[in-house]
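what follows is a predicted protein model with its sequence.
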Number of protein chains: 2
Amino acid sequence: MLPTPDDVTIIRRTPLFSALDEAQAMALLRGARVRDYADESLLFSAGDRADHFYVVLRGSVRLFALSEEGDETIIEVIGAGNSFAEGAIFGAGRYPVHAEVFSGARLVSINAAPLLEALRSDSGMAMAVLASLCRWQLNLMAEIRRLKAQAPAQRLAWFLVSLAGDVSGEAVFRLPFRKTIVAGRIGITPESLSRALARLAELGVETKGDIVTVHDVEALRAFCRG
Amino acid sequence: MLPTPDDVTIIRRTPLFSALDEAQAMALLRGARVRDYADESLLFSAGDRADHFYVVLRGSVRLFALSEEGDETIIEVIGAGNSFAEGAIFGAGRYPVHAEVFSGARLVSINAAPLLEALRSDSGMAMAVLASLCRWQLNLMAEIRRLKAQAPAQRLAWFLVSLAGDVSGEAVFRLPFRKTIVAGRIGITPESLSRALARLAELGVETKGDIVTVHDVEALRAFCRG
DNA sequence: CTGCGCTATTGATGATGGTCAAGCCGCTGC
DNA sequence: GCAGCGGCTTGACCATCATCAATAGCGCAG
């Protein structure tokens, strides 16, 4: 399916595309295809030939690695308005991780060929892609920092704060995906997530199902630091 | 100081430069300066204007973040034959982390200007830099995976295995930096590192000062997995 | 040689995350 | 309604990591 005008609006707002002008964006979108995913579905596996990259229009996608025994490690969860796998196209030309869409997601897949083509002829395009990869790099480094320096409960707090956004005072929102996934995202087990959420109640965090109420976002932010 | 022919040889073997031809490499190296660091020394701080990137010719450099209280979190340690901070030049144009060279290191600093210039006019350059950033991305993702999926002792084992290289059977080598740094590198405290090393003795790992003897690299590799 | 400073180790202790196992809740389909 | 299922929670237990504190080794300067 071709992108609707609404889809294009979202695409143009992604970090990658927002650095491009109209003509550059349209060149990339030639051959782009949009798809809705009613159910969970494997998008690609690690080692697959990387001939597409993606923009999440709705819902989310999780990137993960699998151990030999089949245990999965979540590397990253990509939410709406972000592109991913653009990096895999260069370098090895293979996806380094597995990707699975959550049910209800909507993605656009973009061919690698026009991108590689544009890179050859258009230096502005190169800068845009480089900037996009740098964003990734920053995110990953920040993630490493959190994993090394913060206790699981603090990482959870950080996760909630980032969901709450810029609000100060009270925030109410819903978890963007199943708790099992949230736990994996933070790097703990589902059991620990339950307990961590219970402990955060003292700091004014209530959870009912996937609805979270943070009574004092500032207090949570402070807790993230120590 | 200008790069010696030996320096240039090392530079040309880095992932970034090996994708470039002679002329492209020389264009980048215009204005490059080599420096030996007798002592530890801060190279740049997070937030500094990113107007150079670096290649490690000898020794190593550690990239780290600082908390408000001054606690440091090691993000990565860069060894000889690798470039770093090339990503910081795009995107925000500021270094995202602090960098400190270890005593005895030798680095070459390369101006951002010729790189940005070359990117505009030379699409091959863009591909080389993109590939280099992708390598980074892979490393960082692998690191996240290890932090999430492996216990500290396993991470230590992995670290030793990666130092041992492709050998099978016995390997003897020296730790490339102080144990405190090794501990930070794998995300544990120095105390835990001591104990973890002691426990690895059962698997045939002996340490005397910074000399490590691994009697059966294969066994260690197996231990990394579980 | 001696003393200082830094790094590494060792010990004791407490907190907490993982694991295994059981129970609960909410949904779906019959 | 009820059974069954998946996801979530709870509990008990154990392993282990961080912390704090003390000690031991080592290099170096005087």
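Nice, thanks for sending it over. Numbers count the residues shown, from 1 in each chain, chains lettered A, B, ... in the order given.

helices of chain A, start to end?
For chain A, helices defined by DSSP state H occupy the ranges A:5-13, A:15-18, A:22-29, A:112-121, A:123-149, A:152-164, A:179-186, A:190-200, A:217-225.

quick one: those as a markdown table, columns for mean neighbour count, mean pLDDT and distance to chain B too.
C-beta: built from backbone N, CA, C; applies to glycine. Formatted as a markdown table, the entries for the helices of chain A read as follows, by neighbours: other C-beta atoms under 10 Å in any protein chain shown; pLDDT from 0 to 100; distance: least, C-beta to the nearest C-beta, whole Å:
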| stretch | mean neighbour count | mean pLDDT | distance to chain B |
| --- | --- | --- | --- |
| helix A:5-13 | 15 | 96 | 17 |
| helix A:15-18 | 19 | 94 | 9 |
| helix A:22-29 | 15 | 94 | 14 |
| helix A:112-121 | 16 | 92 | 4 |
| helix A:123-149 | 20 | 94 | 3 |
| helix A:152-164 | 19 | 96 | 11 |
| helix A:179-186 | 19 | 97 | 8 |
| helix A:190-200 | 15 | 96 | 13 |
| helix A:217-225 | 16 | 92 | 6 |
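
can you pull up the most central residue in chain A?
For chain A, residue A:78 is the residue whose C-alpha lies nearest the centre (C-alpha atoms, centre = their mean; 1.5 Å).

can you pull the pLDDT of that residue?
The score at residue A:78 is 97. That number is its pLDDT.

hang on, it packs against residue A:63?
Yes. Shown here, residue A:78 and residue A:63 form a contact pair, counting by C-beta atoms under 8 Å, at 6.9 Å.

the residue in chain A that DNA strand C sits nearest to: what's it in contact with?
When distances are taken as C-beta to the nearest atom of the strand, chain A approaches DNA strand C most closely through residue A:192, which lies 3.1 Å from it. Applying C-beta atoms under 8 Å, 6 or more residues apart in numbering or on different chains, we find residue A:192 in contact with A:152, A:183.

quick check, pLDDT for residue A:85.
The predicted local distance difference test score for residue A:85 is 96.

likewise for residue A:167?
pLDDT, residue A:167: 89.

OK, contacts around the spatially closest residue to it that is not a sequence neighbour?
Among residues not flanking residue A:167 along the chain, residue A:217 sits closest, at 5.5 Å (C-beta to C-beta, 6 or more residues apart in numbering or on different chains). With contacts defined as C-beta under 8 Å, 6+ apart, the neighbours of residue A:217 are A:161, A:164, A:167-171.

residue A:156 too?
Each residue near residue A:156 by C-beta under 8 Å, 6+ apart is listed here: A:186, A:188, A:193, A:196-197, A:200.

my read: residue A:183 touches residue A:177, true?
No. The pair formed by residue A:183 and residue A:177 falls short of the contact definition of C-beta under 8 Å, at 10.5 Å.

ends of stretch A:76-94, what's the gap?
Its first and final residues considered, stretch A:76-94 spans 17 Å by C-alpha to C-alpha, to the nearest Å.

so that stretch, near chain B or not?
Yes. For a cut-off given as C-beta under 8 Å from any C-beta of the partner chain, stretch A:76-94 has contacts with chain B, namely A:76, A:87-88, A:90-92.

does any part of that stretch sit near DNA strand D?
No. Between stretch A:76-94 and DNA strand D, judged by C-beta under 7 Å from any atom of the strand, nothing touches; the nearest distance is 14.0 Å.

distance from that stretch to the middle of the chain?
Taking C-alpha atoms, centre = their mean, to the nearest Å, the mean C-alpha location of stretch A:76-94 is offset from the chain mean by 10 Å.

list the buried residues in that stretch.
A:76-78, A:80, A:82-91 (16 or more other C-beta atoms under 10 Å in any protein chain shown).

and the residues you listed, which two are the farthest apart?
The two members of the buried residues of stretch A:76-94 with the most space between them (C-beta to C-beta) are A:80 and A:91, at 26.2 Å.

does residue A:129 touch residue A:122 like I think?
No. Residue A:129 sits out of contact with residue A:122 when judged by C-beta under 8 Å, with a separation of 10.3 Å.

just give me the neighbour total for the nearest residue to residue A:107 once chain neighbours are set aside.
Counting by C-beta to C-beta, 6+ apart, the nearest residue to residue A:107 once its immediate chain neighbours are dropped is residue A:54, at 5.2 Å. Using other C-beta atoms under 10 Å in any protein chain shown, residue A:54 is surrounded by 22 other residues.
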